[in-house]
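**Q** For reference, the sequence and a predicted model appear below.
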Amino acid sequence: MDLENTERFGVSQIDQFTWKQVLDMFSCTECGRCSSQCPATASGKPLAPRQLLLDLRDYLYTHPDQMLATGHADGAGGEKANIVGSVIQDDVLWSCTTCRACEEACPVLIEYVDKIVDMRRHLVQEEARFPSELTRTFKGMETQGNPWGLSVDKRMDWAEAEELEIPLLADNPDAEYLYYVGCAGAFDDRNKKTTASFARLLLKAGLSFAVLGPEEP
């Protein structure tokens, strides 16, 4: 099997990060502002953004050849080491709330969340390793196209509740703008108010727009 040409999902090896993500690992000033602002760290979860970055950097220091195009493989079978689950533990990755408070606090503009999400993507799509609490969410997305598992027929309930006449793209294919509502905008009670308010603004402005409605998934 040609491992080099196999399609990958997410990041599991150190050389799969982008050049900017690798530069971040060497740019850290170790000030700790990221961890001091992280809600996961504050609540006692295993994630500390500073330590996550330093763990990746330390791995780079000890495995520099893996960043080269002709780098050596670690395993006897010729495959490079998987850093997810060894260097960075699963619990660390799943502790992140993706709020980006760490990035707001960083004085050198390091990006943490994208690295974490990339490694999570590997866990889900290649390893099928994820907390049991996510099973219902994934099932809802698979069967109904939204994490709540609600029927697709309810995607326009936010407009009906506010008595708004919102055009569908299926009926208005020549609309100038597409308003992509999204799952949260269509199903979450708090977000539905924002969705309706924005739609009122579009209608008031007389813009030519439409939404996907049931076709959105």
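**A** Structure's in. What do you need? Numbers count the residues shown, from 1 in each chain.
**Q** make it CA atoms for all contacts and neighbour counts henceforth
**A** Will do.
**Q** Just checking the distance from the worst-scoring helix or strand of the chain on mean pLDDT to the centre of its chain.
**A** The least trusted helix or strand in the chain, going by mean pLDDT, DSSP states H and E, turns out to be helix 135-144, with a mean of 89. Put simply, helix 135-144 sits 16 Å off its chain's centre (C-alpha atoms, centre = their mean, to the nearest Å).
**Q** next SSE after the helix ranked longest in the chain?
**A** With secondary structure taken from DSSP state H, the chain has its longest helix at helix 189-204. Using DSSP states H and E, the helix or strand that follows helix 189-204 in sequence is strand 209-210.
**Q** Setting aside sequence neighbours, what's the nearest residue to residue 152?
**A** Closest residue to residue 152 apart from its sequence neighbours, by C-alpha to C-alpha, 6 or more residues apart in numbering: residue 214 at 5.6 Å.
**Q** buried ones in the helix or strand following the least confident helix or strand of the chain?
**A** For helix 135-144, the following helix or strand on the C-terminal side (DSSP H and E) is helix 157-161. Residues of helix 157-161 classed as buried: 158, 159 (neighbour count, 16 or more other C-alpha atoms under 10 Å).
**Q** If you count contacts, what does helix 157-161 end up packed against?
**A** Applying 3 or more C-alpha pairs under 8 Å, 6 or more residues apart in numbering; DSSP states H and E, one finds that helix 157-161 makes contact with helix 182-187, helix 189-204.
**Q** Report the rounded mean pLDDT for that helix.
**A** Averaged over helix 157-161, pLDDT sits at 93.
**Q** now it: how far from the chain's centre is it?
**A** Computed by C-alpha atoms, centre = their mean, the separation of helix 157-161 from the middle of its chain amounts to 28 Å.
**Q** got a list of contacts for the helix or strand following it?
**A** Remark: after helix 157-161, the chain's next helix or strand is strand 177-178, criterion DSSP H and E. Contact with strand 177-178 is made by 169, 207, 208, 209, 210, 211, 212, as judged by C-alpha atoms under 8 Å, 6 or more residues apart in numbering.
**Q** Equivalent analysis for stretch 136-155, please.
**A** The contact list for stretch 136-155 (C-alpha under 8 Å, 6+ apart) reads 183, 186, 187, 213, 214, 217.
**Q** could you list every residue that touches the third one?
**A** Which is residue 187. 154, 155, 158 are the contacts of residue 187 under C-alpha under 8 Å, 6+ apart.
**Q** repeat for the fifth one
**A** Going by C-alpha under 8 Å, 6+ apart, residue 214 touches 152, 153, 154, 155, 156.
**Q** Please identify, among these, the one with the most neighbours.
**A** For the contacts of residue 214, counting by other C-alpha atoms under 10 Å, the largest number of neighbours falls to residue 155: 23 neighbours.
**Q** Is residue 111 in a helix, a strand, or coil?
**A** Per DSSP: H, G, I helix; E, B strand; the rest coil, the local secondary structure of residue 111 is coil.
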